[in-house]
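Chemist: Attaching a predicted model along with its sequence, questions to come.
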Amino acid sequence: MYVRLFSAVWLLLCAWLAVVAWGFQAPFAYDPVGPRAYPLLLLGLMGAGSLWLVIKPGMHEQRLDIPTALRSVLCIAALLIYAVTFEPLGFVFSTALSTFLLGMLFTGRPVPCLISAALMGVLLYVLFDLLLDVPLPLGLLEAFVES
């Protein structure tokens, strides 16, 4: 019952946020896809997952225990840290930091989490900034890049 209730509320939240995101417009074209594509894609995926859980929540209901609730709160905290550090640290470092934190949160080992976090930060930067022409903040790396 709790899964269906949470999923229904999340689905309504996704629908409301999609209406808000539909109105995103940039005064100038700073990237080829525009400001609304990424939020709408994420909201569509979250909405589809929520709809699936409303229709078919699973084989059995899970109870929310203290460790699961703590892990959920820490996951939200890691994503908030990502949002706060995105500009000052830059895309590469903030992505690497949050990838490492989330990897450790989901019982990863430190060395593989560190390696995958570094690769994730650099490879996603190459994908978005260099291949897709989506400008991303450099943050701490700005001093090393020639203007």
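Modeler: Ah, there it is.

Chemist: going forward, measure contacts and count neighbours with C-alpha atoms only.
Modeler: Noted.

Chemist: if you average pLDDT over stretch 7-24, what comes out?
Modeler: Averaging pLDDT along stretch 7-24 gives 88.

Chemist: What residues sit buried inside that stretch?
Modeler: Along stretch 7-24, these residues count as buried under the neighbour rule (16 or more other CA atoms under 10 Å): 7, 8, 10, 11, 14, 15, 18, 21.

Chemist: OK, contacts around the second one?
Modeler: It stands for residue 8. 50, 51, 54 (CA atoms under 8 Å, 6 or more residues apart in numbering).

Chemist: of all the residues you listed, which comes closest to residue 108?
Modeler: Nearest to residue 108 among those: residue 50, at 26.5 Å, using CA to CA.

Chemist: For the closest residue to the closest one other than its chain neighbours, give its distance to residue 75.
Modeler: In space, and not counting its chain neighbours, residue 50 is closest to residue 7: 4.8 Å by CA to CA, 6 or more residues apart in numbering. As judged by CA to CA, to the nearest Å, residue 7 and residue 75 stand 18 Å apart.

Chemist: any chance you could map the strands in the protein?
Modeler: For the chain, no strands turn up when DSSP state E is the criterion.

Chemist: Helices along that one, start to end?
Modeler: With DSSP state H as the criterion, the chain has helices at 2-22, 37-55, 66-89, 91-105, 110-125.

Chemist: Among those helices, show me which one is buried the most.
Modeler: helix 91-105 (a mean of 22; mean count of other CA atoms under 10 Å).

Chemist: Against which helices or strands is it packed?
Modeler: Applying 3 or more CA pairs under 8 Å, 6 or more residues apart in numbering; DSSP states H and E, we find helix 91-105 packed against helix 66-89, helix 110-125.

Chemist: hang on, the earlier thing: would you turn the buried residues of stretch 7-24 into a markdown table with distance to residue 90?
Modeler: What follows is the buried residues of stretch 7-24, written out as a markdown table (distance: CA to CA, whole Å):
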| residue | distance to residue 90 |
| --- | --- |
| 7 | 33 |
| 8 | 35 |
| 10 | 30 |
| 11 | 31 |
| 14 | 27 |
| 15 | 30 |
| 18 | 27 |
| 21 | 24 |
